[in-house]
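[1] here's my sequence, what's the structure:
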Amino acid sequence: MKKTLASITALVLALLLVAGCSSSGQYKDGEYEGSAQGNEGEIVVSVLVKGGKIDKIDITKQSETQSLLDGVIENTIPEIIEKQTTEGVDVLAGASKSSQGVIDAVTQALGSAKKE
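    From the prediction side, this is the model:
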């Protein structure tokens with residue numbers, strides 16, 4: 001019984017490891033644009049997907065206060081790239097509307113990039 005349970009556990013772990021190491025990513029390669037409302041107006045982002053993963057996010061249009069946006073560029077964007085999703089990314093204290101605008105714009109762009 002213990003051998004069977006150990007074998008099943010090892011098999012499940014091996015399958016999870018193989019699935020987690022998939023290099024294809026969850027997005028289609030390409031450059032995608034999204035937009036959303038920030039604190040001072042529309043924020044437009046460009047999201048570059050390479051190898052199925054978010055590679056780069058650029059803010060291409062905005063009218064936010066630069067000092068607030070700098071925090072978003074230094075904190076929020078790297079967090080999205082690290083997590084490979086906008087889910088669970090917190091807004092930046094002191095720049096909540098600007099960071100939410102970037103998060104929403106990236107979410108919109110990634111909607112076009114999702115693999116079916």
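
[2] could you give the number of residues near Glu87?
    By other Cβ atoms under 10 Å, 9 other residues sit near Glu87. For every residue, glycine as well, the C-beta is placed using N, CA and C.

[3] how much space between it and Leu110?
    Distance, Glu87 to Leu110, using Cβ to Cβ, to the nearest Å: 10 Å.

[4] do the same with Glu64
    Per Cβ to Cβ, Glu64 is found 21 Å from Leu110.

[5] list the buried residues for whichever strand or helix holds Pro78?
    Applying DSSP states H and E as the criterion places Pro78 in helix 77-83. By neighbour count with 16 or more other Cβ atoms under 10 Å, helix 77-83 contains the buried residues 77, 79-81.

[6] how about stretch 28-44?
    Applying 16+ other Cβ under 10 Å to stretch 28-44 flags 32, 34-36, 38-39, 43-44 as buried.

[7] what mean pLDDT does it get?
    Average pLDDT, stretch 28-44: 98.

[8] quick one on the thing from earlier: okay, the helix holding Pro78 in CSV with CA atoms only?
    Extracted C-alpha coordinates of helix 77-83, given in CSV (Å, rounded to 0.1, in the frame of the first residue of the first chain):
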residue,chain,number,x,y,z
ILE,A,77,5.6,46.9,-14.2
PRO,A,78,8.4,44.6,-13.0
GLU,A,79,5.9,42.8,-10.7
ILE,A,80,3.6,42.1,-13.7
ILE,A,81,6.5,40.7,-15.7
GLU,A,82,7.7,38.6,-12.8
LYS,A,83,4.2,37.2,-12.1
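
[9] and that helix, how far out from the chain middle?
    The chain centroid and the centroid of helix 77-83 are separated by 6 Å under Cα atoms, centre = their mean, to the nearest Å.

[10] now that helix: average pLDDT?
    In this model, helix 77-83 carries a mean pLDDT of 98.
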